[in-house]
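Visitor: Quick one, fold the following:
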Amino acid sequence: MNLADDSRLSLIGLYMERRADLLRFFTMRLRSPAAAEDLVQDIYVRLSGLEKPPDIQNPMAYLYRLGSNLMLDRLRGERRTANRDGAWLDSQTTRIGLQEISPEPSAEAAVAARQRLALLTEALKDLSPQTQRVFRMHKFEGLSHPEVAAAIGISRSAVEKHMMAALKHLLARLP
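Guide: Okay, here's the model as predicted:
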């Protein structure tokens, strides 16, 4: 064994003797026993990984300084993570004043929309097959009147008449 190993082992021995003191100290600082336990364990990991410990005048002060540095690193990392997550959340949400607006409809609105669609589909069955086809192509597939006319082989005026008939029928049938 060489001098570096002796120095490291004496630091680890001191750590083991004063582990409870370190734990109390960092629990008070972090206000979390679990976080303090993790931090004190990190001190041990750091000590056991030292190849050549520095020349230490006050080993106990060194342990507290090492723990404080690890604590500050952890707090800075948590702050960076919170800032990054907050920025991402802000970029993904819409707000009106302090109220967050969801891009998704509420469950009630989704159910109501499905019910309206079911009523619409039932009401469409009363129409002639050609009027149904024109309505579906225009409203569900998003084709313009001239595109529907070209696809079916009828005039644009006929498409407009079918749409008017379909809309008039649906307005009469739907609440």
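
Visitor: What are the buried residues along the helix or strand harbouring residue 7?
Guide: Using DSSP states H and E, residue 7 sits within helix 3-30. By 16 or more other Cβ atoms under 10 Å, the buried positions in helix 3-30 come out as 7-8, 11, 14-15, 18, 22-23, 25-27, 30. C-beta: built from backbone N, CA, C; applies to glycine.

Visitor: In terms of secondary structure, what does it contact?
Guide: Under the contact criterion of 3 or more Cβ pairs under 8 Å, 6 or more residues apart in numbering; DSSP states H and E, helix 3-30 touches helix 33-48, helix 59-92.

Visitor: Show me what counts as buried in the following helix or strand past the longest one.
Guide: In other words, helix 59-92. The C-terminal neighbour of helix 59-92 among helices and strands, as given by DSSP H and E, is strand 94-96. Of the residues in strand 94-96, none is buried by neighbour count under the rule 16+ other Cβ under 10 Å.

Visitor: try stretch 107-117
Guide: Per 16+ other Cβ under 10 Å, stretch 107-117 contains no buried residues.

Visitor: Show residues contacting it.
Guide: 105, 174 (Cβ atoms under 8 Å, 6 or more residues apart in numbering).

Visitor: Would you mind checking the average pLDDT for that stretch?
Guide: For stretch 107-117, mean pLDDT is 89.

Visitor: Cool, thanks, talk later.
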